[in-house]
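**Q** pasting the structure only:
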């Protein structure tokens, strides 16, 4: 177990969320599920899971707290197919698209789905190319690698 982990508080649906997340990200799995019974709030469940080798804990704790964009899970994607797959799965069933590669899943957790190619374009030694890629990114919801490259090239 990691010494420090992120702890996420869900109103409900923590097991379903953990199952979805671990099905989408390679090297991921559910590590432990604790269901609390008598003397504890009804439905209290704590799930430990790993995403891409990083451990998280999450709890069904009721609606006392809500997720905000102040914290998000950022996934660096190798290609457009991975961007599309994650975007579609995480926005399904009530998720919401936002700007610049950000979305909220159906539980309200914010995600950044970022193609590795964007990071490369942003680090381009030609500041004009990097700026054009950034300007294009600002107009997008789901990031489109071909469109980012075209913008960087001035097309």
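**A** Okay, I see it. Every value quoted in this text rests on a predicted model; they were computed, and no experiment measured them. Numbering: from 1, shown residues only.

**Q** got a list of what the closest residue to residue 116 other than its chain neighbours touches?
**A** Counting by CB to CB, 6 or more residues apart in numbering, the nearest residue to residue 116 once its immediate chain neighbours are dropped is residue 76, at 5.3 Å. Every residue, glycine included, has its C-beta placed from N, CA and C. Residues in contact with residue 76 (CB atoms under 8 Å, 6 or more residues apart in numbering) are 114-116, 119.

**Q** Which members of those residues are positioned in helices?
**A** 116, 119 (DSSP state H).

**Q** Let me have the contacts of residue 76 in a markdown table, adding pLDDT and neighbour count as columns.
**A** A markdown table is the format used below for those (pLDDT from 0 to 100; neighbours: other CB atoms under 10 Å):
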| residue | pLDDT | neighbour count |
| --- | --- | --- |
| 114 | 98 | 18 |
| 115 | 98 | 23 |
| 116 | 98 | 14 |
| 119 | 98 | 10 |
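
**Q** got the contacts of residue 76 as JSON lines, with distance to residue 134 columns?
**A** Putting those into JSON lines (distance: CB to CB, whole Å) gives the following:
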{"residue": "114", "distance to residue 134": "13"}
{"residue": "115", "distance to residue 134": "14"}
{"residue": "116", "distance to residue 134": "16"}
{"residue": "119", "distance to residue 134": "11"}
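
**Q** This completes my enquiry, with thanks.
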